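Enquirer: No sequence on hand, only this structure:
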């Protein structure tokens, strides 16, 4: 039997409790709790809307809780109220469903409190909305103060505000056609003028096209680094941080096959997914193997490659719209640690280039310290030529944020 709707609210509260304890990322929690309660596809979609809505607007919702309820709240009751207020004030779910079914998700001793707060939110909706323009920007847009201040310094106030607003919008779904597995099936999407072979999904996810490898879900921002790499048939190419395989797919599409392509990843557990994705897309690399590029490269890789793609671990500040919990997990010290790791990866990959070879360094970050500042200093230190770079910011380009730089070895 399909689960009743209040089970969706229970699932949302359980997922928030697990997230707060650091058990997993939001995307994984949706799938896990939907399966656990055997939710229908419609209820799964509602669970995702609520969970993502709470995480996107968490700081604003907590501000509303403070206005509507005086006194302390235990963590679980606060999460129940977050679920309810998100439905009432963010998602505009009908009041009776949002209240009644969220109250049922709370423990019996606090149900009357939950009911009172949610009904107060309904009667206070107009005044709560009227005061929004008076709130500090980071509260209104639910970002940490330090991140807003950082972006305001880097981009200026107006652009920083626009980035935060962008991050709070539901992410669109894009896909790319697979030239290695063409299809005659009608393509369920709108082609993008600025990105050949990319489409904006229109309607339901085309599971059959995904299953047979005719398309791959991928934001257009991912293409820039591979276009900069410009792989050519006959070259030996290393995709050093390859899993789950989206950029590997673009390299193979340029090469016409997986011939000449070597893929590594630091995590053994990610290799099966990488290999499965590539097999579905009709790609068989010369090699897939585990290597942590914070450590020196295997001797057999030294001087072996014409081109290397380094899609390095990063802060993910360009993809907060998709990875909704990044803003709450990330701390300033994490970015400093990542810069150290990124430099280590560059240092260990460099000996693997042939003379005259090229590296494309890539992130999904919009932080200069991870991007242009890092590659400029690295190129200067190692006598490389920084041929070109590109920074993609979501507001300007209408895609995920990204950075790519082309370094050439003499």
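Expert: It's in. Just so we're clear, the structure is a prediction, and the values are computed from it rather than from any experiment.

Enquirer: Looking at this protein, which helix is longest?
Expert: Secondary structure assigned by DSSP state H gives helix 332-349 as the longest helix of the chain.

Enquirer: which residues of the stretch 1-150 of the chain fall in helices?
Expert: 5-20, 26-36, 41-56, 58-68, 75-85, 95-105, 111-123, 125-130, 137-140, 145-155 (DSSP state H, counting those that start in this stretch).

Enquirer: Residue 299: which of the ones you listed is closest?
Expert: Proximity to residue 299 (C-beta to C-beta) singles out helix 26-36 among these, at 37.2 Å. Just so you know, the C-beta spots here come from the backbone N, C-alpha and C atoms, and that holds for glycine as well.

Enquirer: Grab the most central residue of this structure for me.
Expert: residue 323 (3.7 Å; C-alpha atoms, centre = their mean).

Enquirer: quick one on the thing from earlier: could the helices of the stretch 1-150 of the chain go into TSV alongside mean neighbour count, distance to residue 183 and mean pLDDT?
Expert: Output for the helices of the stretch 1-150 of the chain, formatted as TSV (neighbours: other C-beta atoms under 10 Å; distance: least, C-beta to C-beta, whole Å; pLDDT from 0 to 100):
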stretch	mean neighbour count	distance to residue 183	mean pLDDT
helix 5-20	22	35	91
helix 26-36	18	27	92
helix 41-56	21	24	96
helix 58-68	18	41	98
helix 75-85	23	41	98
helix 95-105	19	41	95
helix 111-123	17	48	97
helix 125-130	11	47	97
helix 137-140	18	45	98
helix 145-155	16	41	98
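
Enquirer: want to try a markdown table for the ones you listed, with distance to residue 219 as columns?
Expert: Converted to a markdown table, the helices of the stretch 1-150 of the chain look like this (distance: least, C-beta to C-beta, whole Å):
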| stretch | distance to residue 219 |
| --- | --- |
| helix 5-20 | 23 |
| helix 26-36 | 15 |
| helix 41-56 | 17 |
| helix 58-68 | 24 |
| helix 75-85 | 28 |
| helix 95-105 | 32 |
| helix 111-123 | 35 |
| helix 125-130 | 32 |
| helix 137-140 | 26 |
| helix 145-155 | 20 |
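
Enquirer: wait, which of those is closest to residue 244?
Expert: helix 26-36 (12.4 Å).

Enquirer: Show me what that closest one is packed up against.
Expert: helix 5-20, helix 41-56 (3 or more C-beta pairs under 8 Å, 6 or more residues apart in numbering; DSSP states H and E).

Enquirer: So which of these is nearest residue 142?
Expert: Of all the helices and strands packed on helix 26-36, helix 41-56 comes closest under C-beta to C-beta, at 6.3 Å.

Enquirer: Would you mind listing the outside residues contacting that closest one?
Expert: Contacts with helix 41-56, where a contact means C-beta atoms under 8 Å, 6 or more residues apart in numbering, come from 2-3, 5, 7-9, 11-12, 15-16, 19, 26, 29-30, 33-34, 39, 61, 79, 82-83, 86-87, 90-91, 142, 167-168, 170, 324-325, 328.

Enquirer: can you give me the angle it makes with helix 26-36?
Expert: Put simply, helix 41-56 runs at 150 degrees to helix 26-36, going by axes from the mean of the first three to the mean of the last three C-alpha atoms, to 10 degrees.

Enquirer: before we move on, back to that, what about the residue nearest to the centre of the chain, which SS state?
Expert: Three-state call for residue 323 (DSSP: H, G, I helix; E, B strand; the rest coil): coil.

Enquirer: Please state the backbone phi and psi of the residue nearest to it when sequence neighbours are not counted?
Expert: Closest residue in space to residue 323, ignoring its immediate chain neighbours: residue 316 at 5.5 Å, by C-beta to C-beta, 6 or more residues apart in numbering. Per-residue torsions, residue 316: phi 70, psi 20 (degrees, to the nearest 10).

Enquirer: In stretch 233-242, which residues are buried?
Expert: Of the residues in stretch 233-242, 235-242 count as buried by neighbour count, 16 or more other C-beta atoms under 10 Å.

Enquirer: Off-centre distance for it?
Expert: 24 Å (C-alpha atoms, centre = their mean, to the nearest Å).

Enquirer: Just the residues contacting that stretch, thanks.
Expert: Against stretch 233-242 from outside (C-beta under 8 Å, 6+ apart): 229, 231, 247-248, 251, 255-256, 259-266, 274, 288, 291, 293, 301, 304-313, 345, 349, 352.

Enquirer: partners of the biggest strand by length in the chain, with directions?
Expert: Counting residues, the longest strand found in the chain (DSSP state E) is strand 353-363. Here strand 353-363 is paired, per DSSP bridges, with strand 305-311 (parallel), strand 402-408 (antiparallel).

Enquirer: Give me the contacts around it.
Expert: With C-beta under 8 Å, 6+ apart, strand 353-363 has contacts from 224-226, 228-229, 247, 303-312, 314-315, 318, 342, 346, 349-350, 370-371, 374-375, 384, 387, 402-410.
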